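J.: fold the following, please.
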Amino acid sequence: MKQEEIKTKVNAILGDQLNVEEKSIRMEANLATDLLADSIDAVDIAMELEREFRINIPDKVWDEMKDYQVGELYDLVGKLTNEQQA
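T.: The predicted structure is shown next:
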């Protein structure tokens, strides 16, 4: 899957889950401090990422996800989708 497609889909999920405009989502934005995601939001985002991309996000990542930057989510999804395809 191309990086641009990942970014588009991740931004759509973040926009929907956090009620923010997709065009306002920046790579360096922190989920908790900039996009105001709490732990429940992070779980919802993780579940939606798993469903949309057909990936399995490790439990450790679920616990840390609310502290991620958006760019880290792009990288995580890219890595996990590539592992699934291999």
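J.: okay, and Asp16 sits in which element?
T.: Assigning secondary structure by DSSP states H and E places Asp16 in helix 3-18.
J.: pLDDT of that helix, averaged?
T.: Averaged across helix 3-18, the pLDDT comes to 97.
J.: any chance you could map the strands in this protein?
T.: Applying DSSP state E to the chain gives no strands.
J.: residue nearest the middle of it, spatially speaking?
T.: Central residue of the chain (Cα atoms, centre = their mean): Leu73, 4.2 Å from the mean position.
J.: mind listing what's buried along the helix or strand bottoming out on mean pLDDT in the chain?
T.: The weakest-scoring helix or strand in the chain, judged by mean pLDDT, DSSP states H and E, is helix 59-64 (a mean of 87). Neighbour counts using 16 or more other Cβ atoms under 10 Å place Trp62 of helix 59-64 among the buried residues. Backbone N, C-alpha and C define where each C-beta goes, glycine included.
J.: check which helices and strands it sits against.
T.: helix 39-53 (3 or more Cβ pairs under 8 Å, 6 or more residues apart in numbering; DSSP states H and E).
J.: just the CA trace of the helix it packs on, in PDB.
T.: C-alpha atoms of helix 39-53 as PDB (Å, rounded to 0.1, in the frame of the first residue of the first chain):
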ATOM      1  CA  SER A  39      -7.300   6.600  26.200                       C
ATOM      2  CA  ILE A  40     -10.700   5.600  25.000                       C
ATOM      3  CA  ASP A  41     -10.200   7.500  21.700                       C
ATOM      4  CA  ALA A  42      -6.900   5.700  21.300                       C
ATOM      5  CA  VAL A  43      -8.500   2.400  21.600                       C
ATOM      6  CA  ASP A  44     -11.200   3.400  19.100                       C
ATOM      7  CA  ILE A  45      -8.600   4.600  16.700                       C
ATOM      8  CA  ALA A  46      -6.500   1.400  17.100                       C
ATOM      9  CA  MET A  47      -9.600  -0.800  16.500                       C
ATOM     10  CA  GLU A  48     -10.500   1.200  13.400                       C
ATOM     11  CA  LEU A  49      -7.000   1.000  12.000                       C
ATOM     12  CA  GLU A  50      -7.000  -2.700  12.500                       C
ATOM     13  CA  ARG A  51     -10.300  -3.100  10.700                       C
ATOM     14  CA  GLU A  52      -9.500  -0.700   7.800                       C
ATOM     15  CA  PHE A  53      -6.000  -2.000   7.100                       C
END
